[in-house]
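Participant: Test case, fold it:
(2 chains)
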Protein chains: 2
Amino acid sequence: MTLKNKIEAITLKAKKASYQIAGLSTEKKNKALLKMARILNKNFSFLVKENEKDIKAGKRDKLSASIIDRLKLSPKRIKEMSMCLREVAALTDPVGKSIKTWKMPNGLKIGKIRTPFGVIAIIYESRPNVTSDSIGLCLKSGNSIILRGGSEAFYSNRAITSILIEATKDILPENVIQIIPTQDRKALDYLLKSDKYVDILIPRGGESLINYVAKNAKMPVIKHYKGVCHVFVDRYAKFDMAVEIVCNAKTQRPGVCNAIETLLVDEKIAKSFLPLMLEKLKAAGVEIRGCKKTKKVTSWIKVAKESDWYEEYLDLILAVKIVASIDEAIEHIRKYGSNHSDAIVTENNENASNFLLRVDSACVYVNASTRFTDGYQFGMGAEMGISTDKLHARGPMALEELTTYKYTVLGNGQIRE
Amino acid sequence: MTLKNKIEAITLKAKKASYQIAGLSTEKKNKALLKMARILNKNFSFLVKENEKDIKAGKRDKLSASIIDRLKLSPKRIKEMSMCLREVAALTDPVGKSIKTWKMPNGLKIGKIRTPFGVIAIIYESRPNVTSDSIGLCLKSGNSIILRGGSEAFYSNRAITSILIEATKDILPENVIQIIPTQDRKALDYLLKSDKYVDILIPRGGESLINYVAKNAKMPVIKHYKGVCHVFVDRYAKFDMAVEIVCNAKTQRPGVCNAIETLLVDEKIAKSFLPLMLEKLKAAGVEIRGCKKTKKVTSWIKVAKESDWYEEYLDLILAVKIVASIDEAIEHIRKYGSNHSDAIVTENNENASNFLLRVDSACVYVNASTRFTDGYQFGMGAEMGISTDKLHARGPMALEELTTYKYTVLGNGQIRE
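Facilitator: Have a look, this model is predicted:
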C-alpha cells in the first residue's frame, strides 16, 4: 500500500467511524472519557519512558530549551491531562442540542440542531498534552479525530494515543481515534488534500506551520494564529491597576499567544505614568522598545523600529508607543494587531464602550489582563485552542465550537407553490 | 495605476468603510434600505435599457435560453428586488445582539456579542437580483460589500449598483458598496488574493466558478455548491403524499439547487408505488434513469449509469433507485449526496427520527418537499444563498450568518495568577 493510499484509508475509516460516534450516548462518551482519565494516571512510567525518547532526540537535534520544556511529560503534567479529560466528561454534551425551533405559517416545523462536524483533523506541534485534550474534546462533541503531531513529539503522542485507544476499545466505535503513523512529511501533504472525508482541519503551532496548512489544505481550516495583543492605558486609567495589568499581561507567561506585545499610552498621562511603569517592567527583566516620544520620557530604553509593532515576541520584550488619544490607539491596533485580544485600562465609561465597539478582536477587555483569553478561564472547561479566524469560531474553541448544525424540517405533505 | 493596485485600493477602501458601517444605527441602515427600494422602482427604464445590452451580448455569444432568462430584468423582477430590500429593512438588526453573557467566579463579566465580519466579497453569476439582495443583506448586517458579478451581467449589475450608491450617498459611509469596475478576469484573481482586507468571500454560481474560487482564494470562503438532493419513499409512506412531494421537488423548478435529482424507494413498496409515481413524472415531461430493479418494474425507463447517482441534472431528469431498507437509503445519500437537502416520506416515527439523525445534510425533511430550503421559506426574510459548507453557516444564509461574534470582557483589575 502506498503512503497516499494509507492516508486515504485512514480518512475513510475516520468517516465511517464518525457515523457511529455521532449517535453515541452521552453516558457512553463520558464512560470512555473517565476511563481514559484513569488509564493515563496508571501509565506514568510507560508514558515517561516513551517521552524520554523524544527528549533525547530533541537534545540531539539541539531543540531550544523552551521546546524541550514543552515536550516534557512529567507525572504532574500527566495528572493535568487526566484532570482535563474528567472536566470534559463533566461538561454538557452539545450534540443534538436545540439552538432554536419555530413554525412557519404553512405548518412546517423547523428546528436548528447542533450536530458533530464528522471528521476533525488536528495538526500540532510540541506539547503532548494537546493529544489527549483534543481526543477528549472531539470525542465528547461526537467527532472522529485524526491526529498529526510534530515529529519532535512522535513517541509521546503515539504512546498517549495507543493507551487511550486500547483502554476504550470496548466502549467506542473502532477508528474514532487515529494517529498518522509516520513522521514522513508527505503524509501531511496527503492529509491536507483529503477533503473527501475530513470535514475540518485545525492547525495549532508556529506561524510557518499554520501558513503552510492554510495554503495547502483543501478542506476548511480554523487557524490558531498569532497574538499581537495590546494594552491601551487611557488618560482616565487608575495607574496602579494599569501597572498590575500590564505586568501580568507581559510577564506572567510571555511565550503564549494571549500575552501582550505592545503597550499604548495616552500622551496626556505619559510623563506621569510611563517612568513608573517602565521601571517595574525593567525590574521584571523586560526589554523595552519604545517610540521616539517614549524615548524622551525614559531615555534608557531602546528605540522601536516599524517592524516592532507587528512583532509577536513571545519573550520578555515589550514595544511601547505614546498615542495622542483613544482614536490613535484604536487605529494602531487595527493596523498592527492580529485581532486576538486587546485591553483598555480606563475609568471612563464612554471610552470603554468606544473601545469595546471599535476594536475588532476576538476578545476585547476593559480593566483586565489579556491573559484570560483561554477556554478554561472563560468557563468552557477546556479548549482546542484560540481561533484567530472570524468564520465559525472566534477566540477560545471548546465543545460547541467543534459542532456544526443542521435544520430538521417536519411537515405533513407540504409542497412549494 | 495597475489593475492590481486598483483592486488593492478597492479592498482598502472597503476595509475603512467597514469601520464606519459597523457602528451605523439601525435607523440609518433601514432608511438607506427603504430609499434603495424606492429608487429601484423609479428606474425601470434605465435598468431595463442597461439590461438589454447584456441580453444582446448574451444572444450574440449564444448563451443558453435558460441563462438569458436568468439574466433578464423585467419590471416585475425589479419590483421583487425592491420588495426584498423592504423585507430586509423590516428584519431585526443582528449587530450588537447579545448571544450570551455570564460572570466568572473572579468577577469577570463575559459577553458574546454579534459583530459584522468587516468586508464581504461576493462573486456570482447571471442573475442581477443577487446584486441588490446582497447589498441589502450586507448593509443591514453592518458589512462593506465588494461585488463581482459575471461578465454576462456586467451592464445590469453596474446599473443597479450605481443607482443604489447614488441614492444613499447622504446616508451611508463612502465605499460601503463597491463593484469591481472591469470584466478583466485578472481582477478576480487579484481579489482572491486580497486576504489583507477582505474578511470573507462568498461564491455563488456554477460548479467550475466555485471550484476555482475555493482553490485560489486566500481568505475564508463560504461555498454555495451543488445540490444532489434526494427523496426517500419509505415503506410506511402515504403514496399520494409521496407522489405530490416527489413531483414538486423535481418539477416545480428543476434548475435550482434544492430540487431533487434522485428518488429512492423502499423495495417493499416498489411494485405498488413506482408505476404510479413514474407515470406521473413521465406525464410532467421528466426523463427517468432507473437502477436495474426499477427497470424491471417499469420497462420504458432508461437505465442509470454509476455517474447518474452523482449528477446534479438541474433539468427534468430523475435518477431512481430501489433500496432494500432505510439503511441502504441513508448509505446511498451519504455516498452520493452533497449534504444539501434530503427528505423522507414516512408515517413511521422511528424511521423519521433515524433519518433526521443520520442524514448529514444542511436540511433534513420529513414529509415535505426539499424545495423549501430557502431563506425566505425558512422565515429569514431573504438569503445570501444556501451554504453547503459546515463551517460557520449551513443551509440558508441570511443576516445572522453574515455576522461573526466577539467576546467583551469587563473587569476591575483582574490579573491571572
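Participant: can I see the domain layout of chain A?
Facilitator: A:3-225+A:389-410, A:229-372 (automatic domain parsing).
Participant: Out of those, flag the one nearest chain B.
Facilitator: Proximity to chain B (CB to the nearest CB) singles out domain A:229-372 among these, at 2.9 Å. Heads up, the C-betas are built off the backbone N, CA and C, glycines and all.
Participant: Relative to B:K335, which of the domains of chain A is closest?
Facilitator: Taking CB to CB, domain A:3-225+A:389-410 is the member of those nearest to B:K335, at 10.5 Å.
Participant: Would you mind measuring the gap between the ends of that closest one?
Facilitator: From its first residue to its last, domain A:3-225+A:389-410 covers 45 Å (CA to CA, to the nearest Å).
Participant: wait, does that domain contact chain B?
Facilitator: Yes: under the criterion of CB under 8 Å from any CB of the partner chain, domain A:3-225+A:389-410 makes contact with chain B via A:19, A:22-23, A:102, A:104, A:108, A:110, A:115, A:117-118, A:199-200, A:220, A:222, A:389-392, A:394-395, A:404-410.
Participant: Contact partners for the nearest residue to A:I39 once chain neighbours are set aside?
Facilitator: Once flanking residues are discounted, A:I39 sits nearest to A:A167: 4.0 Å by CB to CB, 6 or more residues apart in numbering or on different chains. Neighbouring residues of A:A167 by CB atoms under 8 Å, 6 or more residues apart in numbering or on different chains: A:K35, A:M36, A:R38, A:I39.
Participant: Give me the distance between stretch A:409-417 and the centre of its chain.
Facilitator: With CA atoms, centre = their mean, to the nearest Å as the basis, stretch A:409-417 stands 43 Å off its chain's centre.
Participant: contacts for that stretch?
Facilitator: Counting by CB under 8 Å, 6+ apart, A:106-111, B:238, B:241, B:244-245, B:247-249, B:252, B:352, B:363-369, B:371-372, B:377 sit against stretch A:409-417.
Participant: And those residues, which of them are buried?
Facilitator: With neighbours counted using 16 or more other CB atoms under 10 Å in any protein chain shown, the contacts of stretch A:409-417 contain these buried positions: A:108, A:110-111, B:238, B:241, B:244-245, B:247-249, B:252, B:352, B:363-369, B:371-372, B:377.
Participant: Show me those residues that map onto strands.
Facilitator: Counted as lying in strands by DSSP state E, out of the buried ones among the contacts of stretch A:409-417, are A:I110, A:G111, B:C363, B:V364, B:Y365, B:V366, B:N367, B:A368.
Participant: now the helices for chain A?
Facilitator: A:3-22, A:26-42, A:44-60, A:65-71, A:75-90, A:129-140, A:154-167, A:185-192, A:207-216, A:239-251, A:267-283, A:292-297, A:326-336, A:349-358 (DSSP state H).
Participant: quick one, which of those is packed in tightest?
Facilitator: helix A:129-140 (a mean of 26; mean count of other CB atoms under 10 Å in any protein chain shown).
Participant: got the CA coordinates for that one in CSV?
Facilitator: C-alpha atoms of helix A:129-140 as CSV (Å, rounded to 0.1, in the frame of the first residue of the first chain):
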residue,chain,number,x,y,z
ASN,A,129,-1.0,17.2,26.3
VAL,A,130,-2.7,18.6,23.1
THR,A,131,-3.1,14.9,22.1
SER,A,132,-5.3,13.9,25.0
ASP,A,133,-7.1,17.3,25.2
SER,A,134,-8.1,17.1,21.5
ILE,A,135,-9.1,13.5,21.8
GLY,A,136,-11.4,14.3,24.8
LEU,A,137,-13.0,17.3,23.1
CYS,A,138,-13.6,15.6,19.7
LEU,A,139,-15.0,12.5,21.4
LYS,A,140,-17.4,14.5,23.6
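Participant: so how far is it off the chain centroid?
Facilitator: Helix A:129-140 sits 13 Å away from the centroid of its parent chain (CA atoms, centre = their mean).
Participant: Just list what that helix packs against, helices and strands only.
Facilitator: On a contact count with 3 or more CB pairs under 8 Å, 6 or more residues apart in numbering or on different chains; DSSP states H and E, helix A:129-140 meets helix A:26-42, helix A:75-90, strand A:119-124, strand A:144-148, helix A:154-167.
Participant: one step back: and the helices of chain A as JSON lines, adding mean pLDDT?
Facilitator: Converted to JSON lines, these look like this (pLDDT from 0 to 100):
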{"stretch": "helix A:3-22", "mean pLDDT": "97"}
{"stretch": "helix A:26-42", "mean pLDDT": "97"}
{"stretch": "helix A:44-60", "mean pLDDT": "96"}
{"stretch": "helix A:65-71", "mean pLDDT": "86"}
{"stretch": "helix A:75-90", "mean pLDDT": "94"}
{"stretch": "helix A:129-140", "mean pLDDT": "95"}
{"stretch": "helix A:154-167", "mean pLDDT": "96"}
{"stretch": "helix A:185-192", "mean pLDDT": "95"}
{"stretch": "helix A:207-216", "mean pLDDT": "89"}
{"stretch": "helix A:239-251", "mean pLDDT": "98"}
{"stretch": "helix A:267-283", "mean pLDDT": "97"}
{"stretch": "helix A:292-297", "mean pLDDT": "96"}
{"stretch": "helix A:326-336", "mean pLDDT": "97"}
{"stretch": "helix A:349-358", "mean pLDDT": "97"}
